[in-house]
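Novice: Compute the structure for the input listed below.
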Amino acid sequence: MEKFLRILFIEDSEDDVFLIVSHIQNAGYTVSSTRVDNGDDFIKALEQENYWDAILSDYALPGFSGRRALDIFRKTGLKIPFILVSGALGEDIAVLMLKSGASDFILKGNLRRLVPAIERGVEENRNRQELVSNQQTVSIAEGIMLRSPVVVYQGSLNWKEHPKYISDNFSMFGFDVQEFRQKQTPFSEIIHPDDLDRISAEVFRHNKLKVDSYILQYSIINAEMEVYGIKDYVTVVRNEQGDVLQREGSLIWITEMEMSPVKQQENFEIYKSLFQDSRELLLIVAPETLNIIDANHAACNFYGYTHEQILKKKVFDLSTKTMDELLTAFSKAKTDKKLKSYDRHILSDGQLRIVEIHAGEVNLGGVVYLHLILFDVTKQDSAENIPDNLDSYNFLLDILPNSTMITDLHQNILYANSGCINLFGYSTKKELIGKSRTEWLSPAYVQLFYEQHIVETLMSDSQLPSMKVEMINKNGAFFWNSLDFRLIKDADGNPEGLLTVFSDTSKEHRAFQDTKRSELQFQPNFESSAIATAMVTMDNSFIQVNPAFVKMMHWENSDYSQFTLQDLLGEPDKELLSNAKKQLLEKQKELVTWESNIMISETLIIVVQISASLICFDKIPQYFLIHVEKN
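Specialist: Below is the predicted model:
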């Protein structure tokens, strides 16, 4: 049988790749390989996450390194072997790489252990995947059993003994399953007294005749004195000598079985026909997760998805509401049998549609789902007609996010919600309608706003980043906002308006300005300090480092922008950094000091003492101030 390996090389030498591949081929493998030598190409290659069998990486590459490659690899969560294959390298570096997650370290001058290392890593990954798959299968099976209307058990033929096993869904009969197991309750104590002697005689007779498959019908009583009629489908398991080993049974609630299988199938086919052929938009939804369980042809056509595609979605994916808002709204369906609501739904091509939703509960196979009937009530007239008819869509104002408005393509306001009215200092909606959105832009930002070509950018399916602008309210007060846009299209896919969401960023902007002023005051002492000092963001990026820090690290002045503080630390030291930041952010300490190893270069590690403090403005954390001294 042909042995095949797909290997991703991080290597700047094609000759070295050729030699390594030849070595692996000599061990009987057919090798498919790709070589990358920079971070961008490595990330693109990793996007084929189920393709590679192993990664073989050099340590030192021009503009890149095995250490940075390992950090990128670890963030993907992939479990394939990452093996360092390099020339002469210090033992400290090799140990650091292994502690950071590398599978093995092989010298290029001695590849004898390479193939066994690859095979071991591939086998471990395969075993890990099988274990995860088995665990998932068990979880799925347990979940199916818990929702199943059939209770399964194992036990002896003696009704006075506790069953060896009974499934968790035995709780459907009103029993505390854990208590039932702990107390070792025998079946004879839960079988109705009127039935116990009769079924004991039936079991005795079947056993005498060596009948190994039969049906018992009796009643059981729980602690609340509730009576359930059940059918018990019994199978007797024997050994090769014909001796009884155990009884296995399936308990089914008789009220769930009153309808014959033929009649059930006929009703199911009628239901499916009515559901799929309906002209209304129909969805069957899981009430707790809002997963779409089924959708009829009309709903699939309306949203623009195939049946397979829509079943992979939640109602949340179609709605402009939050998950919590949807769960709260649909929870009322249990008590309100005529629940009616409105929402804006997003079609597959990005169009927004206003839908009227009627929600109720439906029981399918003993499981309760939400049954949604939807009607498209979007006004098909042009956007200019919306203001005249807006009173009939008052509900829309309640379902849009805070501080949200809709304009035509010329930036004239068609309508706005209460958040926008308050944001700009007005009293009523009518004061805003018809005005230009640009009236509230600071003069310095009006030209910038038009230069963004918002509609053209959104029509080209390009991403438009949030726009941060200075604005003026009705009373002349200046404030800062972040603007996010979404294009509204008509039924033919043509743009007819813009939905804009405003987020007040005044507080963050003031904090930013305070930071800048502090930096200017702090700059002379920062630059002249003999102690290596750095300003570091919340995500460990360097904002600025002083000359002493540059000298200690043997950097050029601009080199710090290529690294984060974490890049300089091994795995144990990264955890120390994380703990220190946590103590500062939780205000447990004002200054945290610890000993750490810092990688000065690819071959030099030094022991240092790091002191960190948190700089805040207006009580908002801005950055960490880091002092580093050699021990």
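Novice: For beta bridges, what are the partners of Arg6?
Specialist: Ser32 (DSSP bridges).
Novice: what's the neighbour count on it?
Specialist: A count of neighbours around Arg6, defined by other C-beta atoms under 10 Å, yields 15. C-beta: built from backbone N, CA, C; applies to glycine.
Novice: Tell me who's in contact with it.
Specialist: Contact analysis of Arg6 by C-beta atoms under 8 Å, 6 or more residues apart in numbering lists 31-33, 51-54.
Novice: I'd like to know which of the residues you listed is nearest to Glu240.
Specialist: Asp53 (45.9 Å; C-beta to C-beta).
Novice: I'd assumed Val122 was in contact with that closest one.
Specialist: Yes. Asp53 lies in contact with Val122 (C-beta atoms under 8 Å); the separation is 5.4 Å.
Novice: Pretty sure Asp317 sits in a helix.
Specialist: Yes. Under DSSP: H, G, I helix; E, B strand; the rest coil, Asp317 sits within a helix.
Novice: Quick one: neighbours of it, just the number.
Specialist: Neighbour tally, Asp317, other C-beta under 10 Å: 14.
Novice: Compare Asp53 and Val122 and say which is more crowded by neighbours.
Specialist: Asp53 (19 against 15).
Novice: Tell me where the stretch 301-450 of the chain has helices.
Specialist: 307-310, 315-318, 323-331, 386-389, 395-399, 418-423, 443-451 (DSSP state H, counting those that start in this stretch).
Novice: Can you list the low-confidence ranges for the stretch 301-450 of the chain?
Specialist: Judged by pLDDT under 70, the stretch 301-450 of the chain has its weakly predicted residues at 333-339, 363-367, 379-402, 443-450.
Novice: Quickly note the distance from the closest residue to His307 other than its chain neighbours to Leu46.
Specialist: Leaving aside its chain neighbours, His307 sits nearest to Cys300 (5.4 Å; criterion: C-beta to C-beta, 6 or more residues apart in numbering). Applying C-beta to C-beta, to the nearest Å, the value for Cys300 to Leu46 is 35 Å.
Novice: Could you do Arg6 as well?
Specialist: Applying C-beta to C-beta to Arg6 and Leu46 gives a distance of 13 Å.
Novice: swap in Ser331?
Specialist: Ser331 is 42 Å from Leu46, by C-beta to C-beta.
Novice: Which residue of these two possesses the greater neighbour count?
Specialist: Leu46 (20 against 15).
Novice: before we move on, the earlier item: next, show the common contact partners of Arg6 and Leu46.
Specialist: The contact lists of Arg6 and Leu46 share Trp52, where a contact means C-beta under 8 Å, 6+ apart.
Novice: Low-confidence stretches in the stretch 101-250 of the chain?
Specialist: 132-149, 209.
Novice: repeat that for 50
Specialist: Within the stretch 101-250 of the chain, the stretches with pLDDT under 50 are 137-138, 140-141, 144-145.
Novice: What ranges does it have for its helices?
Specialist: 114-147, 177-182, 193-208.
Novice: Contacts for the second one, please.
Specialist: This points to helix 177-182. Against helix 177-182 from outside (C-beta under 8 Å, 6+ apart): 162, 166, 168, 170-171.
Novice: From those, list just the buried residues.
Specialist: Buried members of the contacts of helix 177-182, counted by 16 or more other C-beta atoms under 10 Å: 162, 166, 170.
Novice: Dump those to JSON lines, plus distance to Lys210.
Specialist: Listed next are the buried ones among the contacts of helix 177-182 as JSON lines, based on distance: C-beta to C-beta, whole Å:
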{"residue": "His162", "distance to Lys210": "25"}
{"residue": "Ile166", "distance to Lys210": "26"}
{"residue": "Phe170", "distance to Lys210": "29"}
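Novice: List just the nearest of these to His23.
Specialist: Ile166 (58.0 Å).
Novice: Could you give the number of residues near the nearest residue to the closest one once chain neighbours are set aside?
Specialist: In space, Ile166 comes closest to Tyr153 once its chain neighbours are excluded; the distance is 4.3 Å by C-beta to C-beta, 6+ apart. By other C-beta under 10 Å, the residues close to Tyr153 number 17.
Novice: Surely Tyr153 touches Gln246?
Specialist: No. Tyr153 lies out of contact with Gln246 (C-beta under 8 Å); the separation is 10.0 Å.
Novice: Show the low-confidence segments of the stretch 451-600 of the chain, by residue range.
Specialist: Along the stretch 451-600 of the chain, segments meeting pLDDT under 50 span 520.
Novice: ranges for the strands of it?
Specialist: 467-472, 478-489, 495-504, 532-536, 542-545, 592-601 (DSSP state E, counting those that start in this stretch).
Novice: Please put the alpha-carbon coordinates of the strand or helix carrying Val85 into CSV.
Specialist: Remark: Val85 resides in strand 82-86, with elements defined by DSSP states H and E. Provided in CSV are the C-alpha atoms of strand 82-86 (Å, rounded to 0.1, in the frame of the first residue of the first chain):
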residue,chain,number,x,y,z
PHE,A,82,5.5,20.9,13.9
ILE,A,83,9.1,19.7,13.7
LEU,A,84,12.1,22.1,13.8
VAL,A,85,14.7,21.0,11.2
SER,A,86,17.7,23.3,11.3
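Novice: from the contacts of helix 177-182, which single one is nearest Lys183?
Specialist: Nearest to Lys183 among the contacts of helix 177-182: His162, at 8.3 Å, using C-beta to C-beta.
Novice: Give me the helices and strands touching the host helix or strand of Ile252, please.
Specialist: Using DSSP H and E, Ile252 sits in strand 244-253. Applying 3 or more C-beta pairs under 8 Å, 6 or more residues apart in numbering; DSSP states H and E, one finds that strand 244-253 makes contact with strand 150-155, strand 227-238.
Novice: Tell me which strands the first one pairs with, and in which orientation.
Specialist: The one in question is strand 150-155. strand 165-166 (antiparallel), strand 244-253 (antiparallel).
Novice: Other residues contacting that strand?
Specialist: Contacts for strand 150-155 (C-beta under 8 Å, 6+ apart): 145, 161-167, 169-170, 172-173, 187, 246-252.
Novice: Out of the residues you listed, which end up buried?
Specialist: Buried, going by 16+ other C-beta under 10 Å: 162-163, 166-167, 169-170, 172-173, 187, 247-252, out of the contacts of strand 150-155.
Novice: for these, which one is nearest Pro81?
Specialist: Distances from Pro81 to the buried ones among the contacts of strand 150-155, taken by C-beta to C-beta, are shortest for Ser167, at 40.6 Å.
Novice: quick one, phi/psi of the closest one?
Specialist: phi -70, psi 160 (degrees, to the nearest 10).
Novice: Any figure for the gap between Ile24 and Cys300?
Specialist: 49 Å.
Novice: The closest residue to Phe173 other than its chain neighbours: neighbour count?
Specialist: Of all residues not flanking Phe173 in the chain, Tyr228 sits nearest, at 4.9 Å (C-beta to C-beta, 6+ apart). With neighbours defined by other C-beta under 10 Å, the count for Tyr228 comes to 19.
Novice: Equivalent analysis for Glu288, please.
Specialist: 10.
Novice: just the one 5 residues further on next, same as before
Specialist: For Ile293, the number of neighbouring residues by other C-beta under 10 Å comes to 14.
Novice: mind listing what it touches?
Specialist: Ile293 neighbours (C-beta under 8 Å, 6+ apart): 284-286, 311, 369.
Novice: Filter those down to the buried ones.
Specialist: Applying 16+ other C-beta under 10 Å to the contacts of Ile293 flags 284-285, 369 as buried.
Novice: would you turn those residues into a markdown table with distance to Asp324?
Specialist: As requested, these are exported to a markdown table (distance: C-beta to C-beta, whole Å):
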| residue | distance to Asp324 |
| --- | --- |
| Ile284 | 22 |
| Val285 | 16 |
| Tyr369 | 20 |
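Novice: now, among those, which is nearest to Ala359?
Specialist: Using C-beta to C-beta, the buried ones among the contacts of Ile293 come closest to Ala359 at Val285, 8.5 Å.
Novice: Was I right to think the closest one contacts Asp317?
Specialist: No. Using C-beta under 8 Å, Val285 is not in contact with Asp317, being 11.7 Å away.
Novice: Thanks a lot, see you next time.
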